[in-house]
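**Student:** Show me the folded form of this:
(one chain, ligands or ions: 1)
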Amino acid sequence: MQFSELGLSDEVVGAAADSGYTTPTPIQEQAIPIVLQGRDVLGCAQTGTGKTASFTLPMIDILSSGQAKARMPRSLILCPTRELAAQVADSFERYGKNCSLTKALLIGGVAFGEQNLQLDRGVDVLIATPGRLLDHIERGRILLNDVKILVIDEADRMLDMGFIPDVERIVSLLPRIRQTLFFSATLDRGIRELADGFLINPKSITVAPPSSTAETVEQFLLLTEAWKKRAVLRTLIDREEVGNALIFCNRKRDVGIVHRSLVRHGYDAVVLHGDMPQPARTETLTRFKAGDARLLVASDVAARGLDIAELSHVFNFDVPTHAEDYIHRIGRTGRAGRSGRAFTISTDEDSRYLQAIRSLIKRSIETIDLDIKDQLVRGRTGNARKGARMVQEQEQATGMPTGTPRRRERVPPSVPKNAPTTGLGDHTPAFLLRPARPGVA
Ligand code: AMP
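**Tutor:** Coordinates of the predicted model:
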């Protein structure tokens, strides 16, 4: 199947070709003709499947006839995070380059002024996160009566983040007669009930079962103790040919700690978490996408939906407590047919979460063993002064602290006092030095 066979205009087909796409992905093949017919869609698709283009490409053609009035957008796309919203806006920019559609991006953390100006000019496509959109609505800056197409992207994440009441309020302000496209990575009961309230006679499209993990991602598991996790991470980064990698932590606090620790050890890492002001988030992403930094340490929320081409690795510094997050995380690599590697660092306390992940993905994850003694030694004697300077430089550049207060890294007291050591003059217990032993978790 070719893009030209889907019913899209030559302009849009040309823009897809210019983006380097030769054939449509399965979600595009199935969704684009349905969207062009004006039907509602209930799409079950993971990120990385090409779902953004499956709604943006046909929307560009539908919206190309007609004109927007001031403050009355003709279509609305709701996204759970600022980054995802920004990426959707980029897609419209890219795929709509041969058309003259206007768009506005309404996300929190940036000033209202420019957003107001865009709205006043009239927008064909409004891309927004729910909170900021409601702010504009409450200020009387937007009327939603003219919205002909509504897209709800990553509905499962909206649900997880507690945005559904906001989404319901927004949808109640839209015309009843409209086209609605609803996308979610999972379709459990809660999501289906939600979708029922928004959609009329939708065409259901599922491109990958919610429990599937990308075939193109090799997955590995490392069992260790909590205090050795940073040394394990550094060892992995050193051993793997990391082009660029995302490192996930479960808690914002740990995002800061891991980032600071990596920088202190001389790694080119940047950080992304929900508490950062929007300009710093944008700057981080720009640097990472430009290849200025190889490692991005992030929380699930901040990294949700990030589209970073050719990410070679994902490291789970923590085992995610929601099994679905595992799929979302590792889905950041191995995208659009490329190969990728995902490593999950776990401790004994994670066994029930690992069990949930295995049952969701319906496969085992290969357990590998790692000799981390070099990094344990460096953890104690490492290049602390140079690292501290790099942290300071980054803080100055972004105008904000990169994480928790600075503290010296040291071998934690949890090392048994009389554990047998290597005799190398450090505190490395001898059991760490056993040779690699492959196995299956
Ligand atoms: P998405 O699932 O929308 O986040 O898209 C994932 C990635 O796939 C993005 O980098 C897109 O640029 C890319 N992509 C989308 N459609 C295609 C296609 N038909 N062929 C190749 N890559 C694509």
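
**Student:** can you give me the helices in the stretch 101-250 of the chain?
**Tutor:** Defined through DSSP state H, counting those that start in this stretch, the helices belonging to the stretch 101-250 of the chain, from first to last, are 112-121, 130-138, 155-160, 164-172, 189-198, 229-239.

**Student:** Identify the residues contacting the longest one?
**Tutor:** Judged by Cβ atoms under 8 Å, 6 or more residues apart in numbering, the contacts made with helix 229-239 from elsewhere in the structure are 222, 224, 245, 247, 258, 261-262, 265, 267, 295, 315, 317, 343, 345, 347, 370-372, 374-376, 378-379, 409. Quick note: C-beta positions are derived from backbone N, CA and C, even for glycine.

**Student:** what do you get for the third one?
**Tutor:** Residues external to helix 155-160 that are found in contact with it (Cβ under 8 Å, 6+ apart): 78, 80-81, 130, 152, 164, 167, 182-186, 190-191, 194-195, 304-305, 322, 324.

**Student:** Report whether that helix contacts the ligand.
**Tutor:** No - residues of helix 155-160 are not located near the ligand by Cβ under 6 Å from any ligand atom, the shortest gap being 13.1 Å.

**Student:** wait, residue 289 sits on residue 308?
**Tutor:** Yes - between residue 289 and residue 308 there is a contact under Cβ atoms under 8 Å: 6.0 Å.

**Student:** any chance of the helices of the stretch 101-250 of the chain in JSON lines, with distance to residue 353 and mean neighbour count too?
**Tutor:** Compiled in JSON lines, the helices of the stretch 101-250 of the chain are given as follows (distance: least, Cβ to Cβ, whole Å; neighbours: other Cβ atoms under 10 Å):
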{"stretch": "helix 112-121", "distance to residue 353": "40", "mean neighbour count": "14"}
{"stretch": "helix 130-138", "distance to residue 353": "29", "mean neighbour count": "18"}
{"stretch": "helix 155-160", "distance to residue 353": "16", "mean neighbour count": "22"}
{"stretch": "helix 164-172", "distance to residue 353": "25", "mean neighbour count": "15"}
{"stretch": "helix 189-198", "distance to residue 353": "21", "mean neighbour count": "15"}
{"stretch": "helix 229-239", "distance to residue 353": "15", "mean neighbour count": "21"}
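
**Student:** Of all those helices, which one comes closest to residue 146?
**Tutor:** Shortest separation from residue 146 across the helices of the stretch 101-250 of the chain is recorded for helix 112-121, at 12.3 Å, computed as Cβ to Cβ.

**Student:** tilt between the closest one and helix 130-138?
**Tutor:** With axes from the mean of the first three to the mean of the last three Cα atoms, to 10 degrees as the basis, helix 112-121 and helix 130-138 are set at 60 degrees to each other.

**Student:** for helix 112-121, the distance to its chain's centre please.
**Tutor:** 27 Å (Cα atoms, centre = their mean, to the nearest Å).

**Student:** CA atoms only: put it into PDB for me.
**Tutor:** What follows is the C-alpha trace of helix 112-121 in PDB, where atoms were taken according to Å, rounded to 0.1, in the frame of the first residue of the first chain:
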ATOM      1  CA  PHE A 112      -0.300  33.800  27.600                       C
ATOM      2  CA  GLY A 113       0.600  36.800  25.400                       C
ATOM      3  CA  GLU A 114       1.800  35.000  22.200                       C
ATOM      4  CA  GLN A 115      -0.900  32.300  22.600                       C
ATOM      5  CA  ASN A 116      -3.600  35.100  22.700                       C
ATOM      6  CA  LEU A 117      -2.200  36.700  19.600                       C
ATOM      7  CA  GLN A 118      -2.300  33.300  17.700                       C
ATOM      8  CA  LEU A 119      -5.900  32.800  18.800                       C
ATOM      9  CA  ASP A 120      -6.900  36.300  17.700                       C
ATOM     10  CA  ARG A 121      -5.600  35.600  14.200                       C
END
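
**Student:** The chain should start at 89 in everything you say after this.
**Tutor:** All right, first residue 89 from here; so that's helix 200-209.

**Student:** so what does it touch, helix or strand wise?
**Tutor:** Identification of packing neighbours for helix 200-209 by 3 or more Cβ pairs under 8 Å, 6 or more residues apart in numbering; DSSP states H and E yields strand 191-194, helix 218-226.

**Student:** Looking at the ones you listed, spot the one closest to residue 210.
**Tutor:** strand 191-194 (9.4 Å).

**Student:** Give me the contact list for that closest one.
**Tutor:** Looking at strand 191-194 with Cβ under 8 Å, 6+ apart, the contacting residues turn out to be 161, 173-174, 177, 180-181, 184, 203, 206-207, 211-217, 220-221, 224.

**Student:** tell me, which of those residues make contact with the ligand?
**Tutor:** Near the ligand, judged by Cβ under 6 Å from any ligand atom, there are no entries from the contacts of strand 191-194.

**Student:** Can I get the buried part of those residues as one ChimeraX selection?
**Tutor:** Only the buried entries of the contacts of strand 191-194 go into this ChimeraX selection, using 16 or more other Cβ atoms under 10 Å:
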select :161,173,174,177,180,184,203,206,207,211,212,213,214,215,216,217,220,221,224
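
**Student:** Turn the helices and strands packed on helix 200-209 into a markdown table, columns for mean pLDDT.
**Tutor:** Output for those, formatted as a markdown table (pLDDT from 0 to 100):
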| stretch | mean pLDDT |
| --- | --- |
| strand 191-194 | 96 |
| helix 218-226 | 96 |
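
**Student:** Figure out the length between the terminal residues of stretch 402-422.
**Tutor:** In stretch 402-422, first residue to last residue: 10 Å (Cα to Cα, to the nearest Å).

**Student:** so how far is it off the chain centroid?
**Tutor:** Relative to where its chain is centred, stretch 402-422 has its mean C-alpha point 10 Å off (Cα atoms, centre = their mean).

**Student:** cool, and stretch 282-301?
**Tutor:** 20 Å.

**Student:** Flag the shaky bits of the stretch 189-338 of the chain, pLDDT-wise.
**Tutor:** Low-confidence segments of the stretch 189-338 of the chain, defined by pLDDT under 70, are located at 296-303.

**Student:** rerun that using 50 as the cut-off
**Tutor:** Counting by pLDDT under 50, the stretch 189-338 of the chain contains low-confidence residues at 297-299.

**Student:** quick one on the thing from earlier: distance to residue 360 added to the helices and strands packed on helix 200-209, as a markdown table?
**Tutor:** Supplementary listing: those in a markdown table, determined by distance: least, Cβ to Cβ, whole Å:
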| stretch | distance to residue 360 |
| --- | --- |
| strand 191-194 | 18 |
| helix 218-226 | 19 |
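
**Student:** how about these, which one is nearest residue 113?
**Tutor:** Taking Cβ to Cβ as the criterion, residue 113 comes closest to strand 191-194 out of the helices and strands packed on helix 200-209, the separation being 23.2 Å.

**Student:** buried stuff in the closest one?
**Tutor:** By neighbour count, with 16+ other Cβ under 10 Å as the criterion, the buried positions of strand 191-194 are 191-194.

**Student:** How is residue 364 assigned, secondary-structure-wise?
**Tutor:** Secondary structure for residue 364, judged by DSSP: H, G, I helix; E, B strand; the rest coil, is coil.
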